[in-house]
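In: No sequence on hand, only this structure:
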């Protein structure tokens, strides 16, 4: 047996990361089921679209059009993919952690930029956020920010005077204000908006790494690193505002994970991290209404962090003190952004209910729920890739044993990682069942989907390069064969 095989066997014993033949067959079956789901969504979706056009999609289940092409980003995308496949796994295992996290962010940016530039600078980046649906169309209507916020809800419904374009109406105003602020500081226009979204969106890779290390362990976070870097979802990070949202939400979760994983008595730095996490959670809810579902993932982080201490602090009232010190700054931070917008005059609940009404006026509500209830998950398969589907198969298969270990007070690092991805799966399920995400979930669910990717850490090391190749090929095919919207 080689040293590599011995290491893998040791990992199997310690963390339940199976590398046996049966486990690998199950990986292939899980990936095959994911591929079949996508194929069914394509075939059925095209039949529906040709029949009555009710999906309003050029290439269902994606918001995209068939358009085979190459571009200036093609050589760079191939180079990044080959480099990550060849050198990613060993480097992720050896590079010092303080170097690995920024390096992963930088490589994810390179991957995202190269994919976006397959469509060229203008079509792939600079024009993305300037179309009639997008935020930059209304910059001049925010000359008086206070007045615009107070009047925001009066322009959501389709029948209202000067109703907002789809993305402005479909999101709380913090999303639009981001691009207003960029314009005010001299970074106006679609190019700078695209740079912002790619930069912040790519940072979600670093955030997930930090969160996975805090809640599980460093070794599993390292194993997941190349898969996070080479995620097919980078196709939609560059350049859509949902990539930016994913970055903000990702750091909110990561900072909370760091504070929950600390085993010692809370300190001022811990409280500061918790306060920062709360601030980002509050901002997240004002970037997108649907991202309030991150409360599910946040709850998962709290529970998993508690497991990390072997069931919690049981002695002397330290547990109560810890909860108090962590909960107060978290809630205080979360309240800041909602309070600020409310004081200015924006009513989040009123805006949300008006958006629901607009949705069923025809801005999405006419799309058939019965199709998207299962086609949306097919979109998610395309975002996270077949390697993640295989990893999720391992996660779900490990649940019974993980529950037994939890009852015995001995959850492993792999159990905690699995619990984190299950929380993300539950979030996606709730979003799906709500019916408020019919189509376009390849970008809308990006913030949730990125927290599914750590499941790849449970795949056998010997298979990593094959699965990474599958991830890269999927992203390259999507970006070269389709013109993706938004």
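Out: Ah, there it is. Since we're looking at a predicted model, the values are computed, not measured.

In: any idea how far residue 59 lies from residue 238?
Out: Applying CB to CB, to the nearest Å, the value for residue 59 to residue 238 is 19 Å. Every C-beta, even on glycine, is put in place using the N, C-alpha and C of the backbone.

In: between those two, which one's more packed in?
Out: residue 238 (29 against 20; other CB atoms under 10 Å).

In: Pull up the per-residue confidence for that one.
Out: On pLDDT, residue 238 comes in at 92.

In: ok, now which ones touch it?
Out: With contact set as CB atoms under 8 Å, 6 or more residues apart in numbering, residue 238 has these partners: 112, 113, 115, 116, 124, 125, 194, 197, 198, 201.

In: what about the nearest residue to residue 485 once chain neighbours are set aside, distance to residue 55?
Out: In space, not counting the residues next to it along the chain, residue 485 is nearest to residue 63; the distance is 4.2 Å by CB to CB, 6 or more residues apart in numbering. Using CB to CB, residue 63 is found at 10 Å from residue 55.

In: And residue 304, by the same measure?
Out: Separation of residue 304 from residue 55 (CB to CB) stands at 38 Å.

In: ok, now residue 85?
Out: Using CB to CB, one gets 35 Å for the distance from residue 85 to residue 55.

In: Of those two, which one has the most company?
Out: Between residue 85 and residue 55, residue 55 has the larger neighbour count (other CB under 10 Å), namely 24 against 20.

In: Find residues that contact each of residue 63 and residue 55.
Out: With CB under 8 Å, 6+ apart as the test, residue 63 and residue 55 both reach residue 439.

In: these two touch, right, residue 472 and residue 81?
Out: Yes: with contact defined as CB atoms under 8 Å, residue 472 reaches residue 81; the gap is 3.8 Å.

In: Endpoints of stretch 401-414, how far apart?
Out: One end of stretch 401-414 to the other measures 11 Å (CA to CA, to the nearest Å).

In: Could you shift the numbering so residue one becomes 15, and keep it that way?
Out: In the new numbering, first residue 15, that becomes stretch 415-428.

In: can you redo the contacts of residue 252 as a markdown table with secondary structure and neighbour count?
Out: Listed next are the contacts of residue 252 as a markdown table, based on DSSP: H, G, I helix; E, B strand; the rest coil; neighbours: other CB atoms under 10 Å:
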| residue | secondary structure | neighbour count |
| --- | --- | --- |
| 126 | helix | 30 |
| 127 | helix | 24 |
| 129 | helix | 30 |
| 130 | helix | 29 |
| 138 | helix | 23 |
| 139 | helix | 23 |
| 208 | helix | 24 |
| 211 | helix | 28 |
| 212 | helix | 25 |
| 215 | helix | 31 |
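
In: Most widely separated two among those residues?
Out: 138 and 215 (14.2 Å; CB to CB).

In: of all the contacts of residue 252, which comes closest to residue 91?
Out: residue 129 (5.5 Å).

In: picking up where we left off before, identify the contacts common to residue 486 and residue 95.
Out: Here residue 486 and residue 95 share the contacting residues residue 244, scored by CB under 8 Å, 6+ apart.

In: Who are the packing partners of the helix or strand harbouring residue 258?
Out: For residue 258, the host element (DSSP states H and E) is helix 255-275. Applying 3 or more CB pairs under 8 Å, 6 or more residues apart in numbering; DSSP states H and E, one finds that helix 255-275 contacts helix 187-198, helix 204-229, helix 248-251, helix 282-299, helix 308-321, helix 332-358, helix 455-458, helix 460-463.

In: Flag every buried residue along the first one.
Out: Looking back up the chat, that one is helix 187-198. Residues 187, 188, 189, 190, 191, 192, 193, 194, 196, 197 are the ones in helix 187-198 that count as buried (16 or more other CB atoms under 10 Å).

In: Might one say that residue 60 is in contact with residue 75?
Out: No: judged on CB under 8 Å, residue 60 makes no contact with residue 75 at a distance of 9.8 Å.

In: between those two, which one's more packed in?
Out: residue 75 (30 against 16).

In: so what's the more buried one up against?
Out: 52, 55, 56, 59, 386, 389, 390, 392, 393, 453.

In: Considering the residues you listed, which possesses the most neighbours?
Out: Greatest neighbour count in the contacts of residue 75, by other CB under 10 Å, goes to residue 389: 29 neighbours.

In: who's in contact with that one?
Out: Residue 389 makes contact with 55, 58, 59, 74, 75, 453, according to CB under 8 Å, 6+ apart.

In: if you set the cut-off to 6 Å instead, what comes out?
Out: Neighbour list for residue 389: 55, 75 [criterion: CB atoms under 6 Å, 6 or more residues apart in numbering].
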